[in-house]
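Colleague: here is my input, please return the structure:
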Amino acid sequence: MPVILAGKKITTVGIIEDDDSNRDSLAEIVADANFRPVPRDEPLPSLADFAATAARTTDAFIFDHHLKQSQYAPFDGAEAVAALYKKRPSLLCTQWSKADIDTIRLHRRRIPVLIPTDDMNPERITQGIEVCIKEFKDEFLPSREPVRTIVRIEDVDSKQNPPTVYGILPSWNPRQVVRFPIDVIDEKLRKYVRADERFFVHVNLGAEDEAELYLDDFEYRGRLK
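Modeller: Coordinates of the predicted model:
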């Protein structure tokens, strides 16, 4: 029997995890949540092919983040969750949310739910899928709602690949510097990314932790006179 969440029927949950034991553990938790687990044991195709086929046959997904290292997939979990945004509710389950904050932040706007591996349980799965479905309808949690605000660039580390940008979001925390990869900014605007420049940007100002923050839809404002 399907589970009805936010008006949507969810029966199957795909499990995208390269570690056999972790995949089996997640399958048990998914079953305990009254969904039918669909673990993917075999290596995955390109993200485009996976998204085109999986979205037609599976109702929701749980992704581990590190998938490339074992050659299980040619993409990582954060990238996949973002690609399925508004197509299928997808949860990112990882222990690397802080260690890989830069790569995850690149996609964080389109990752509604990030669950630490040790915190995964049937209730979190059910709640997470419901959060995704509601967000797809523009019904945001306070911690996820995008608000147009200003980011002031403090510094750019061009030695990193991609370059790392350091900025302050006065409306979120005027005393905390936030770092993010320059790739979150549209390529045509990157020439303006330097100290003391300002951008309008959509940010989830309700985020309680830096790891939850996303920055999206940059618009160049320039230096204040």
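Colleague: for the chain, give me the ranges with low pLDDT.
Modeller: Where the chain drops to pLDDT under 70, the residues are 96-99, 223-225.
Colleague: max-length strand in it?
Modeller: strand 147-157 (DSSP state E).
Colleague: list the strands paired with whichever helix or strand comes after that one, with their directions.
Modeller: Downstream of strand 147-157, the next assigned helix or strand under DSSP states H and E is strand 164-168. The strands beside strand 164-168 in its sheet (DSSP bridges) come out as strand 147-157 (antiparallel), strand 177-181 (antiparallel).
Colleague: just how off-centre is strand 164-168 within its chain?
Modeller: For strand 164-168, the separation from the chain centroid amounts to 19 Å (computed by C-alpha atoms, centre = their mean, to the nearest Å).
Colleague: show me which residues of that strand are buried.
Modeller: With burial defined by 16 or more other C-beta atoms under 10 Å, the residues of strand 164-168 counted as buried are 164-165, 167-168. C-beta coordinates here come from the backbone N, C-alpha and C atoms, glycine included.
Colleague: tally of neighbours for residue 50?
Modeller: By other C-beta atoms under 10 Å, 20 other residues sit near residue 50.
Colleague: do the same with residue 202
Modeller: 17.
Colleague: is it true that it touches residue 150?
Modeller: No. Between residue 202 and residue 150 there is no contact under C-beta atoms under 8 Å: 11.2 Å.
Colleague: longest helix of this protein?
Modeller: Of all segments of type helix in the chain, defined using DSSP state H, the longest is helix 122-136.
Colleague: domains in this protein, as residue ranges please.
Modeller: 3-136, 147-220 (automatic domain parsing).
Colleague: how about the longest helix of the chain as CSV, C-alpha atoms only?
Modeller: Only the C-alpha atoms of helix 122-136 are listed here, as CSV (Å, rounded to 0.1, in the frame of the first residue of the first chain):
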residue,chain,number,x,y,z
PRO,A,122,12.0,5.6,9.6
GLU,A,123,10.5,8.9,10.9
ARG,A,124,13.2,11.0,9.4
ILE,A,125,12.7,9.3,6.0
THR,A,126,8.9,9.9,6.1
GLN,A,127,9.3,13.5,7.3
GLY,A,128,12.1,14.2,4.8
ILE,A,129,10.0,13.0,1.8
GLU,A,130,7.1,15.1,2.9
VAL,A,131,9.4,18.2,3.2
CYS,A,132,10.6,17.6,-0.4
ILE,A,133,7.0,17.3,-1.7
LYS,A,134,5.9,20.5,0.0
GLU,A,135,9.0,22.4,-1.1
PHE,A,136,8.3,21.4,-4.7
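Colleague: quick one: that helix to chain centroid distance?
Modeller: 14 Å.
Colleague: and what of stretch 4-20?
Modeller: On C-alpha atoms, centre = their mean, the centre of stretch 4-20 falls 16 Å from that of its chain.
Colleague: name the nearest residue to residue 151, ignoring sequence neighbours.
Modeller: residue 167 (4.5 Å; C-beta to C-beta, 6 or more residues apart in numbering).
Colleague: quick one, what contacts that neighbour?
Modeller: Residue 167 sits next to 151-154, 177-180 when contact means C-beta atoms under 8 Å, 6 or more residues apart in numbering.
Colleague: kindly report the same for residue 149.
Modeller: Here residue 149 is in contact with 169-172, 200-203, 205 (C-beta under 8 Å, 6+ apart).
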